[in-house]
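# coordinates only, sequence not included:
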């Protein structure tokens, strides 16, 4: 059963959220689960090892939990609302056996009467400073993601690649594009790699539903960015053609940035028809 509370043909709600420490934000997370009732949640920046994830609180909210954690840094998770099942879980992005950073987890979400959807939670490298080894790592990660997406799409199962991409796709995705001109999030190389990913046939769900400028998903903690709405859009849900055909809506849960001790990111949610 998905899309509880919506009349007519059912929908599957899939959200992505960089929580910036799941232990610090577990109260906000469980409140969001109760309020929005997403069927699948892709989390990034857990900032803890698997054994430290507050599973009891998440499971009490009615969700299955699969994680790829890392001490103090990175970390990704998939939460799936019961009675949906999560199978074929893959931890880590293929293409570099030496990469030990916890930045990618995927699985197949299905249930009785629900068409399967493959969902990935992605925490792409920031890439700063550009003159360091972190920027080539970011670009290599994007290329690995492109190749893996191509392989997944060949199976023609609806695919959702969701997460914090640390890429500002276009100038309208930043309140002050000039301020980001030399940043790894907005460098031409990063944006070109993101476009190459889209060129595989993926759809930027939020842009497809809301083409307006000024739609942001991240506001830095510094310099009053939130009250001045100095945001950027770096959290994306990319849909394969089979998933895009089922796209109903995409939205940003901006109000959560105004909570006490919030994450600097907010959730982004898509609704897909149940096949």
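All right, it came through fine. All values reported here derive from a predicted model rather than from experimental measurement.
# Which strands and helices lie in contact with whichever helix in the chain runs longest?
Using DSSP state H to define each element, the chain has its longest helix at helix 134-153. Other helices and strands packing on helix 134-153, by 3 or more C-beta pairs under 8 Å, 6 or more residues apart in numbering; DSSP states H and E, are strand 159-164, helix 188-198. Every C-beta, even on glycine, is put in place using the N, C-alpha and C of the backbone.
# And stretch 13-26, what's buried?
Residues 13, 14, 15, 16, 17, 18, 19, 20, 21, 22, 25, 26 are the ones in stretch 13-26 that count as buried (16 or more other C-beta atoms under 10 Å).
# Name the nearest of these relative to residue 58.
Within those, the smallest distance to residue 58 is 7.6 Å, found for residue 26 (C-beta to C-beta).
# Verify the stated contact: that closest one with residue 54.
Yes - counting by C-beta atoms under 8 Å, residue 54 is a contact partner of residue 26 at 4.6 Å.
# just the strands in this structure please.
Under the criterion DSSP state E, the chain contains strands at 11-18, 40-44, 63-68, 76-81, 85-91, 104-111, 114-123, 159-164, 203-204, 235-239, 247-252, 268-273.
# For residue 155, which non-adjacent residue is spatially closest?
Using C-beta to C-beta, 6 or more residues apart in numbering and skipping the chain neighbours, the partner closest in space to residue 155 is residue 118 (8.0 Å).
# ok, so what distance separates the spatially most central residue of the chain from residue 254?
Among the residues of the chain, the one closest to the centroid is residue 163, at 1.8 Å (C-alpha atoms, centre = their mean). Residue 163 sits 18 Å away from residue 254, going by C-beta to C-beta, to the nearest Å.
# Could you do residue 151 as well?
In this view, residue 151 and residue 254 are 35 Å apart by C-beta to C-beta.
# So if I had to pick from the two, which one is more boxed in?
Higher neighbour count among residue 151 and residue 254: residue 254, with 17 against 10, using other C-beta atoms under 10 Å.
# And the closest residue to the more buried one other than its chain neighbours, its phi and psi?
Spatial nearest neighbour of residue 254, excluding adjacent residues (C-beta to C-beta, 6+ apart): residue 266 at 5.5 Å. Dihedral pair for residue 266: phi -120, psi 160, per degrees, to the nearest 10.
# What is the burial count for residue 266?
23.
# correct me, but it touches residue 258?
No - between residue 266 and residue 258 there is no contact under C-beta under 8 Å: 9.4 Å.
# What is the neighbour count of the nearest residue to residue 163 once chain neighbours are set aside?
Distances taken as C-beta to C-beta, 6+ apart put residue 122 closest to residue 163, at 3.3 Å, once the chain neighbours are dropped. Number of residues near residue 122 (other C-beta under 10 Å) recorded here: 23.
# so residue 122 bridges to which residues?
Per DSSP bridges, the residues bridged to residue 122 are residue 104, residue 163.
# ok, now which ones touch it?
Taking C-beta atoms under 8 Å, 6 or more residues apart in numbering as the criterion, residue 122 is in contact with 42, 44, 76, 93, 103, 104, 145, 161, 162, 163, 164, 165.
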